[in-house]
Structures are given as C-alpha cells and as structure tokens.
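**Q** got a sequence here, can you model it:
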Amino acid sequence: MHTHQYTAGIEWTGNQGSGTSGYKAYSRNHTIQVPGKPEIPGSSDPAFLGDKTRYNPEEMLLISLSACHMLWYLHECAVAGVVVTAYTDAATGTMQEDANGSGRFTGVILHPKVTVAEGHMTEKALQLHEVAHHKCFIANSVNFPVSHEAVII
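**A** Coordinates of the predicted model:
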C-alpha cells in the first residue's frame, strides 16, 4: 500500500477594516496556495456573499471530481489501446441547503464528451468510463453519488 501526502494553504484576504464584526462587514475572498504553483483566487458562492469572479469551494469540488475521472479515464484508454483525441466535461452538482444553514451535496453528474480516433472503439471507450469511475480517488472519497453520462464521438 502506498500513501501520498499533499500540502495546500489558504489565506483569507477579505478583512475590509473591521474583520468579522458583522456578517456583511467582511469579504469572503481568499487565495489558495500550493507550493511552487500559481495562486487560485477563491471566495464563497455569490448566494453567500461571495465574489462571482472567483472560484468557490463547491465549484472546486466539481472540478476535482471531473479532473480525477478524466485522468483515470485517459489512463484506462491508453492501457486498452483506445486513442482519445479530445475530451471535455460539463459537470453538474446539486447541493441541498438545510434550514439551519448547513448543507451537503446530494449528487454530481459528469458529462464527458470524448472523441476517439477509431469508430470501432466506441463501445470500449464507453465501457472504460465505468472503470475510471471506480478508480477515481475523489469519487471514492465522497458520501454522495457521482455518476456519468458519457458521449463518445
């Protein structure tokens, strides 16, 4: 068994002079830092007074699920001899907010659109999404369903 360690930092940049003296007194802006990489501008969802031009945690969760699935899928295709020439995804997720303000994701659907070099590999390409799904580290780590509705071209 192998273990892997990851390091990431976050810095709140939203103090507008009075800190968190009131719910609307501060910005939700922050930067996400990983050593040796460009910073990612973050905030909360605009529904929670966040900056719509910055990434929010809910979007980052979708991005993580989508990227993990794609990377496993490309690996499985390479191993199986399926030549992928293009891949896009438009992931969607549903988050339920409870009356007390807490909440959770109730599901994510990935919508990968994959172009393969050889038409006779379409069925195999479609099947490999299931393999990728079961190997995705992120999908295996969440407590809600992650499904995929793939299209192969």
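**Q** contacts and neighbour counts: CA atoms only from here.
**A** Fine.
**Q** for the protein, just list every one of the strands.
**A** For the chain, applying DSSP state E gives strands covering 9-12, 30-33, 40-42, 84-88, 92-97, 103-110, 113-116, 146-148, 151-152.
**Q** what is the fourth one packed up against?
**A** Just to be clear, that refers to strand 84-88. Secondary-structure packing of strand 84-88 (3 or more CA pairs under 8 Å, 6 or more residues apart in numbering; DSSP states H and E): helix 57-80, strand 113-116.
**Q** change it to 6 Å
**A** Other elements packing on strand 84-88 under the criterion 3 or more CA pairs under 6 Å, 6 or more residues apart in numbering; DSSP states H and E are strand 113-116.
**Q** the longest one too?
**A** Identification of packing neighbours for strand 103-110 by 3+ CA pairs under 6 Å, 6+ apart yields strand 92-97, strand 146-148.
**Q** what is the shortest one packed up against?
**A** Read that as strand 146-148. strand 103-110.
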